[in-house]
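>>> show me the folded form of this:
(4 chains)
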Number of protein chains: 2
Amino acid sequence: MHGLQHQGGEVADQIDEEAIVDRIFEAVIEQRLPPGTKLSEAALCEAFGVGRMRVRRALLLLASRDIVDLQNNRGAYVSSPTSNQALEVFEARCAIEPNVARIAAARATKSDIADLAKHLKLEAEAHHVGNRRQAIRLSGQFHVKLAQIARNNVMERMVKELVTRTSLIIGMFGAPGTSNCHDDEHQQILSALERHDEDNAALQMEKHLKHIEGQVDLKKKRKTGVNLFEVLHGEQD
Amino acid sequence: MHGLQHQGGEVADQIDEEAIVDRIFEAVIEQRLPPGTKLSEAALCEAFGVGRMRVRRALLLLASRDIVDLQNNRGAYVSSPTSNQALEVFEARCAIEPNVARIAAARATKSDIADLAKHLKLEAEAHHVGNRRQAIRLSGQFHVKLAQIARNNVMERMVKELVTRTSLIIGMFGAPGTSNCHDDEHQQILSALERHDEDNAALQMEKHLKHIEGQVDLKKKRKTGVNLFEVLHGEQD
DNA sequence: CAGGAAAGTATTGTTAACAATCATTGTCAA
DNA sequence: TTGACAATGATTGTTAACAATACTTTCCTG
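Presented below is the predicted three-dimensional model:
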């Protein structure tokens, strides 16, 4: 299901740094890596079975996206967004994603709609079963999928970064139990796409984002810190 | 004027990779580094006086922003955007920057306005004197300054990336003599900011971006390639 | 003379050893 | 007992040598 299993012993044991970046992105989105978690090079080497160079390159890329915080001579830590940064991220999302939804509404094909509907079904299922991690992951992936439907790689990358940082923000400032999104709001966006109603798609997205923003309380922080190794090693082998 | 002079012989001869990234960004914006230019590690080491590691890190960061193209075992080249990528960049700019202008109009202080007015004066002067490079650089910097006035670092980074890629696009598809922007349109945006007229700021920006997009012809490509060393070594020492 | 193969050169990618910095623990003195 | 200081261990940052790949030139053959 994840596309990284050992296949026959031929290839697939050589991982490139982009895969590492993606894996850490996912772990952050699913909130398995809370803000402040130390990402030591040795642990990452062990977890992914690669050399130090690859790990350092991956960490640099993650730092350039503000997902991790690279401290001088002290190592890499999962970013702990400040309330100011949180405001900036939400503001950026409100500026960008309604337009993503608008473009997606203009370009969505039948196949896109069907795919997205299936995605929503998975979301609802994960929510119903109580699989919180998968629910969070699918919920964030919905926003990325919209950018894919909009056929714009630039915006897709931006949305991916913003969604991931939002997970960190919720980890810092959100109530412990809350997930990222409400399914029904995603459903309404899908409806707008189905009708190719661009304005409504943008509007629904804007409301949706305001809703997410309302779930966090930028006054009080929660402080975390978690054992890195188990989190990443669990799904590795 | 550039902030990188030798100060007393104490510090300042040690350059970090972010400075390298910024320098290459600038060179690309000013179109001193056309698409397709080879960026060999040795040449960059020589030009900046740093070790290979720093150069490779800088190249990785530039590649993650799609400014350079890292080819396997073949080295780094300044990106040559395809027409599709060009469309994506323009679309992203039209989605983001009007909102940047809107937010800037809401938050601009007297000091911001004065600073921006001074900037426009410099732009006009460079244009008048015929200093094309500086005109292009200031013209691009105007868009970044708007993001700074909007007080949003996330968007500032995005705009910086998009502006730089636009320079590459113009280098690929634009007429040889055209610069990035028209000064009077910048002036109109400034006026809107001065009046705190958010809607008009966004509107003017949208028109401005459409204008820029109209300057390129995505049908025909121009092919280039330039000697790296002289370009970067000239302003170094 | 042209096309292609092979050797040599140059450039990139990787690994490993070394240096430097930081964190921790233990000790000593107030 | 507590605070500061020193020594030890661990982790990160850098450098340099090595390996692998691509490019260029030369030479041979058709």
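>>> CA atoms for contacts and neighbours, from now on please.
Noted.
>>> strands of chain A, start to end?
With strands called from DSSP state E, chain A shows them at A:38-39, A:68-71, A:75-78.
>>> quick one: closest of those to B:Glu185.
With respect to B:Glu185, and counting by CA to CA, the nearest of the strands of chain A is strand A:68-71 at 38.9 Å.
>>> what residues of the closest one count as buried?
Across strand A:68-71, burial judged by 16 or more other CA atoms under 10 Å in any protein chain shown covers A:Val68, A:Asp69, A:Leu70.
>>> out of the residues you listed, who's nearest DNA strand C?
Of all these, DNA strand C sits closest to A:Leu70, with 12.2 Å by CA to the nearest atom of the strand.
>>> give me the nearest residue to the closest one, chain neighbours excluded.
Closest residue to A:Leu70 apart from its sequence neighbours, by CA to CA, 6 or more residues apart in numbering or on different chains: A:Ala76 at 4.6 Å.
>>> surely the one you found and A:Asp66 touch.
No. The pair A:Ala76 / A:Asp66 is not scored as a contact, 11.3 Å apart, by CA atoms under 8 Å.
>>> more neighbours: which of the two?
A:Ala76 (22 against 19; other CA atoms under 10 Å in any protein chain shown).
>>> how far away is the more buried one from A:Ala58?
Distance, A:Ala76 to A:Ala58, by CA to CA, to the nearest Å: 11 Å.
>>> let's have the buried residues of strand A:68-71 in JSON lines, adding distance to A:Glu88 and pLDDT.
Shown next, in JSON lines, are those (distance: CA to CA, whole Å; pLDDT from 0 to 100):
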{"residue": "A:Val68", "distance to A:Glu88": "17", "pLDDT": "97"}
{"residue": "A:Asp69", "distance to A:Glu88": "17", "pLDDT": "97"}
{"residue": "A:Leu70", "distance to A:Glu88": "20", "pLDDT": "97"}
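>>> up against chain B, what does chain A have?
A:57, A:60-61, A:64, A:88-89, A:92, A:95-96, A:99-100, A:152-155 (CA under 8 Å from any CA of the partner chain).
>>> any idea which of the residues you listed is closest to DNA strand C?
Looking across the residues of chain A next to chain B and measuring by CA to the nearest atom of the strand, the closest to DNA strand C is A:Arg57, at 9.5 Å.
>>> what sits closest to the closest one if chain neighbours are left out?
A:Glu17 (6.8 Å).
>>> now do the helices in chain A.
Under the criterion DSSP state H, chain A contains helices at A:17-29, A:41-48, A:52-64, A:83-107, A:110-129, A:132-149, A:153-173, A:183-194, A:198-214, A:228-233.
>>> which residues sit against the longest one?
Looking back up the chat, that one is helix A:83-107. A:146-147, A:149-151, A:155, A:159, A:162, A:165-166, A:169, A:189, A:192-199, A:201-206, A:209-210, A:213, A:218-219, B:95-96, B:99-100, B:152-155 (CA atoms under 8 Å, 6 or more residues apart in numbering or on different chains).
>>> would you confirm that A:Gln134 contacts A:Glu30?
Yes. Counting by CA under 8 Å, A:Gln134 touches A:Glu30, with 7.2 Å between them.
>>> these two: which is more packed in?
Neighbour totals were compared for A:Gln134 and A:Glu30, and A:Glu30 leads with 24 against 17 (other CA under 10 Å).
>>> got the residues of chain A near DNA strand C?
By CA under 7 Å from any atom of the strand, the residues of chain A that approach DNA strand C are A:Gly51, A:Met53, A:Asn72, A:Asn73, A:Arg74.
>>> and the furthest pair within those residues?
A:Gly51 and A:Asn72 (20.7 Å).
>>> these two: who's more crowded?
Between A:Gly51 and A:Asn72, counted using other CA under 10 Å, A:Gly51 has the larger neighbour count: 13 against 7.
>>> that older thread, make JSON lines from the strands of chain A and add distance to B:Asp115 to it.
Output for the strands of chain A, formatted as JSON lines (distance: least, CA to CA, whole Å):
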{"stretch": "strand A:38-39", "distance to B:Asp115": "41"}
{"stretch": "strand A:68-71", "distance to B:Asp115": "32"}
{"stretch": "strand A:75-78", "distance to B:Asp115": "36"}
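>>> still on that earlier bit, wait, doesn't the residue nearest to A:Arg57 sit right on A:Met53?
No. A:Glu17 is beyond contact range of A:Met53, at 9.2 Å (criterion: CA under 8 Å).
>>> ok, those two, which is more surrounded?
Taking neighbours as other CA under 10 Å, A:Glu17 and A:Met53 compare with A:Glu17 leading, 19 against 12.
>>> surely A:Asp16 touches A:Arg56?
No. If you go by CA under 8 Å, A:Asp16 and A:Arg56 don't touch, sitting 11.9 Å apart.
>>> may I ask which helix or strand of chain A has the lowest mean pLDDT?
helix A:228-233 (a mean of 48; mean pLDDT, DSSP states H and E).
>>> what about A:Gly75, distance to B:Leu138?
37 Å.
>>> likewise A:Ile96?
Taken as CA to CA, the span from A:Ile96 to B:Leu138 is 25 Å.
>>> repeat that for A:Ala63.
For A:Ala63, the distance to B:Leu138 - CA to CA - is 28 Å.
>>> and these two? Which one has more around it.
Legend: neighbour count by other CA under 10 Å for A:Ala63 and B:Leu138, higher for B:Leu138 (24 against 19).
>>> now the more buried one, nearest residue through space, not along the chain?
B:Leu138's closest residue in space is B:Glu123 (CA to CA, 6+ apart), at 5.9 Å.
>>> picking that back up, make JSON lines out of the helices of chain A and add distance to B:Ser83.
Output for the helices of chain A, formatted as JSON lines (distance: least, CA to CA, whole Å):
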{"stretch": "helix A:17-29", "distance to B:Ser83": "25"}
{"stretch": "helix A:41-48", "distance to B:Ser83": "37"}
{"stretch": "helix A:52-64", "distance to B:Ser83": "26"}
{"stretch": "helix A:83-107", "distance to B:Ser83": "18"}
{"stretch": "helix A:110-129", "distance to B:Ser83": "24"}
{"stretch": "helix A:132-149", "distance to B:Ser83": "18"}
{"stretch": "helix A:153-173", "distance to B:Ser83": "13"}
{"stretch": "helix A:183-194", "distance to B:Ser83": "27"}
{"stretch": "helix A:198-214", "distance to B:Ser83": "25"}
{"stretch": "helix A:228-233", "distance to B:Ser83": "40"}
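>>> can you report how many residues neighbour A:Gly75?
Look at A:Gly75: counted by other CA under 10 Å, it has 13 neighbours.
>>> which stretches of chain A have low pLDDT?
Scanning chain A for pLDDT under 70 picks out the ranges A:1-14, A:176-181, A:183, A:222-237.
>>> change it to 50
By pLDDT under 50, the weakly predicted segments of chain A are A:1-13, A:228-230, A:232-237.
>>> enumerate the residues of it near DNA strand D.
A:Leu39, A:Ser40, A:Glu41, A:Ala42, A:Leu70, A:Gln71, A:Asn72, A:Asn73, A:Arg74, A:Gly75, A:Ala76.
>>> repeat the analysis, applying 6 Å as the threshold.
With the criterion set to CA under 6 Å from any atom of the strand, chain A comes near DNA strand D through A:Ser40, A:Glu41, A:Ala42, A:Asn72, A:Asn73, A:Arg74, A:Gly75.
>>> name the nearest residue to the third one, ignoring sequence neighbours.
Right, A:Ala42. A:Ala42's closest residue in space is A:Arg52 (CA to CA, 6+ apart), at 7.5 Å.
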